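Engineer: Okay, sequence plus prediction incoming.
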Amino acid sequence: MSEERIVVGAFAGAFGVRGEVRLKSFCAEAEDIARYAPLSTEDGREFGPVAVTGQTKGALTARIGGVRTKEEADALKGEALYAPRAVLPSLPDDEFYHADLIGLEVVDTSGTTLGRVRAVMDHGAGDLLEIEGPGLKQSLLLPFTRAAVPTVDLAAGRIVADPPEGLV
């Protein structure tokens with residue numbers, strides 16, 4: 001939870017020839033990404049303001065301060081966009097930023113360590129926790145549901161999991 005920045009989106013390339021960009025938003029409400037500007041890349045370059053101009057397949061279209069040409073937009077394709085944690089909304093007790101889950105220890109209901117959260121994935125049917133650990137032959141993909149993950153204790157840095165039968 002100490003990360004100062006959270007990934008809120010990514011550049012997805014140019015839209016048109018006048019510097020407009022395609023923008024993937026990872027926000028619950030896609031258009032909210034504009035509220036968190038200025039946004040920055042991993043290396044600290046800042047971009048803002050953000051003006052959402054429309055939608056295209058799988059992305060928003062937007063004008064972003066600092067991007068003036070199609071070539072500049074194309075050069076940024078794939079770059080993650082970060083917002084300061086301080087400007088993001090507080091979440092209810094049962095919701096979490098993905099960045100807060102990555103790295104947490106995962107134990108089963110009997111206290112046996114399964115591993116650590118390597119990534120949080122969303123392929124459209126709900127979030128999955130990718131868990132890696134020394135006792136696992138390959139990554140474990142655990143559904144991030146209340147039934148499979150009854151407890152997330154950010155203060156203690158751990159997740160208690162009750163994996164579906166046959167998963168582990």
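Structural biologist: Looks like it arrived, so ask away. Because the structure is a prediction, the values reported are computed rather than measured. Residues are numbered from 1 along each chain as shown.
Engineer: what about the residue lying closest to residue 98 once chain neighbours are set aside, distance to residue 105?
Structural biologist: In space, and not counting its chain neighbours, residue 98 is closest to residue 120: 4.1 Å by C-beta to C-beta, 6 or more residues apart in numbering. Where C-beta positions appear, they are placed from N, C-alpha and C, glycine not excepted. As judged by C-beta to C-beta, to the nearest Å, residue 120 and residue 105 stand 15 Å apart.
Engineer: again with residue 20
Structural biologist: 44 Å.
Engineer: Equivalent analysis for residue 134, please.
Structural biologist: Applying C-beta to C-beta, the value for residue 134 to residue 105 is 12 Å.
Engineer: list the residues that contact both of the two?
Structural biologist: residue 115 (C-beta atoms under 8 Å, 6 or more residues apart in numbering).
Engineer: So between the two, which is more surrounded?
Structural biologist: residue 105 (17 against 6; other C-beta atoms under 10 Å).
Engineer: And that one, how far from residue 157?
Structural biologist: For residue 105, the distance to residue 157 - C-beta to C-beta - is 6 Å.
Engineer: and if you look at residue 7?
Structural biologist: 20 Å.
Engineer: When those two are compared, which one has more neighbours?
Structural biologist: residue 7 (16 against 11).
Engineer: Am I right that that one falls within a strand?
Structural biologist: Yes - assigned with DSSP: H, G, I helix; E, B strand; the rest coil, residue 7 falls within a strand.
Engineer: That one against residue 82, yeah?
Structural biologist: Yes - assessed by C-beta atoms under 8 Å, residue 7 is found in contact with residue 82 at 5.7 Å.
Engineer: Which strand or helix spans the residue nearest to residue 98?
Structural biologist: Assigned by DSSP states H and E, residue 120 belongs to strand 113-122.
Engineer: ok, and the closest non-adjacent residue to residue 159?
Structural biologist: In space, residue 159 is closest to residue 106, 4.8 Å off (C-beta to C-beta, 6+ apart).
Engineer: buried ones in stretch 60-80?
Structural biologist: Of the residues in stretch 60-80, 60-64, 67, 70, 73, 76, 79-80 count as buried by neighbour count, 16 or more other C-beta atoms under 10 Å.
Engineer: of the residues you listed, closest to residue 46?
Structural biologist: The nearest member of the buried residues of stretch 60-80 to residue 46, counting by C-beta to C-beta, is residue 64 at 10.3 Å.
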